[in-house]
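In: Fold the following.
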Amino acid sequence: MSCAESQKVAPPSVSLKNASPLQSHVVYKKMSRDKAVTIYLGKRDFIDHIDGVEPVDGVLLVDPEIVKGKKVYVTLTCAFRYGQEDIDVMGLTFRKDLFFSRIQLYPPVEKKGPLSQLQECLMKKLGSNAYPFVLTVTLIKCHSFSPFPPSFWQCCGVDFEVKAFSTENVEERIPKRNSVRLLIRKVQHAPEEPGPQPRAETTWQFFMSSKPLHLRACLSKEVYYHGEPIPVTLTVTNNTEKTVKKIKVLAEQVANVVLYSSDYYTKVVAMEEVQEKVLPNSTITKTLILLPLLANNRENQGIALDGKLKDEDTNLASSTIIKEGIDKTVLGILVAYKVKVKLIVSGHKDLLFEVQNPLPSIHRVDLTKNYLFKITPSLLLYNLISCSCLLDSLKQRCL
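Out: Sure thing, here's the model as predicted:
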């Protein structure tokens, strides 16, 4: 098996059918090129509960004959990528580790703690050369993000990686053939309690017009799932002598690179418009449906996506809920979403309007496959992000 590929298998004779309450379980397995170490994980998605993250637990199989007196370690790394891994300028690599944890498994230096059900089953099957491990994610609130399109898969983003290797000196460079790496994702679920219904209104006063143009907009709720339509209800009251020729509603994704700067990159991920005119001294109420989907944005380069594992499909990046007091500069990339309304008025430029709660802050939309598309106050983010088309500008700023 190639080191660059992982297997999603149920190991031979490793059965959890009799292990209540589980009936079956998928095991992720990957072996190093020299076959010295093999890593087993029960899952690759770990939930961030804001107050804490699920521990990363698994089993490592060691071949003592190949290791031959070397030490075996397992590490967990959260890294922010802002350039291709094969590019090295004056010794500078375009990668910054945001979190790092390492434990020694062989020879054992610590007593075994409580084992999970999956670890117990694997230990019984794999024998005495199998060693359980538990890695804990602390402090870091960034999430997994990956780039788009696929040709830029290693350009810019945040990823989590479990790595096992054998070495005589842990401070030395580890050859690839002596190590095995497996990407994982840290994800978040949307809040269980719904927030207030997003709504806002604004008024424009035109020169030489005694009465204003009034716009009111609201959403049906604060939280939406992936693939769920987002109805935006608009009420336009035109008390002016101008004619509103067109109404546009847009959902925008805002990627904020906070690690080294405070740049914002905005992409439209959904748009609807109505051609019906709003004549002077008249009122109209319309509901336009937005549906932000990756399927409709595959040609839209530079958008942020949820973390991608191997050949699995992904989604538009979801906003991540951050706990108050967290330093945003260590998050790498923040992703937010906002709804905009444009009124095209005869004789004037576009009139812009953003849907906001009564709170004086920007609203975001939370997007995930099993997580939520959410519009809330404050600029927030989700797990694996990337902005592939921004690679050149990112390199220039980092240099």
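In: can you map out the helices along the stretch 251-399 of the chain?
Out: 391-398 (DSSP state H, counting those that start in this stretch).
In: For it, give me the ranges with low pLDDT.
Out: Applying pLDDT under 70 to the stretch 251-399 of the chain flags residues 259-262, 310-312, 320-323, 325-331, 347-399.
In: Return the residues in contact with Met123.
Out: By CB atoms under 8 Å, 6 or more residues apart in numbering, the contact set of Met123 is Val59, Leu115, Ala130, Pro132. Using the backbone N, CA and C atoms, a C-beta is placed for each residue, glycine as well.
In: out of those residues, which is most surrounded?
Out: Neighbour count (other CB atoms under 10 Å) singles out Val59 as the most crowded of these, with 27 neighbours.
In: quick revisit: give me the subset of the contacts of Met123 that lies in strands.
Out: Val59, Ala130, Pro132 (DSSP state E).
In: which one of these sits closest to Leu105?
Out: Pro132 (8.5 Å; CB to CB).
In: For Asp45, see how far away the residue lying closest to that closest one once chain neighbours are set aside is.
Out: Nearest non-adjacent residue to Pro132, counting by CB to CB, 6 or more residues apart in numbering: Gln119, 4.6 Å away. Distance from Gln119 to Asp45, counting by CB to CB, to the nearest Å: 18 Å.
In: same check, this time on Pro280
Out: 55 Å.
In: if we can go back for a sec, okay, Gln119 and Asp45: which has more neighbours?
Out: Gln119 (21 against 15).
In: which residues touch that one?
Out: Counting by CB under 8 Å, 6+ apart, Gln119 makes contact with Asp57, Gly58, Val59, Pro132.
In: Mind doing that once more with 7 Å?
Out: Residues near Gln119 by CB atoms under 7 Å, 6 or more residues apart in numbering: Asp57, Val59, Pro132.
In: Quick check: which element contains the nearest residue to Gly332 once chain neighbours are set aside?
Out: Nearest residue to Gly332 in three dimensions, chain neighbours excluded: Phe80, at 3.9 Å (CB to CB, 6+ apart). Under the criterion of DSSP states H and E, Phe80 resides in strand 71-82.
In: related to what we said a few turns ago, farthest-separated two in the contacts of Met123?
Out: Farthest-apart pair in the contacts of Met123 is Leu115 and Ala130; separation 10.9 Å (CB to CB).
In: shouldn't Asp306 be in contact with Asp313?
Out: No. At 9.8 Å, Asp306 and Asp313 do not qualify as touching, with contact defined as CB atoms under 7 Å.
In: more crowded one of the two?
Out: Asp306 (27 against 10).
In: Give the bridge partners for that one, please.
Out: Beta-bridge pairing of Asp306 under DSSP bridges involves Phe145.
In: Domain map for the protein?
Out: 7-188, 199-398 (automatic domain parsing).
In: So what's the residue count around the residue nearest to Lys242 when sequence neighbours are not counted?
Out: In this structure, Lys242 finds its nearest non-sequential neighbour in Val345, 5.0 Å apart by CB to CB, 6+ apart. Residues contacting Val345 under the criterion other CB under 10 Å number 19.
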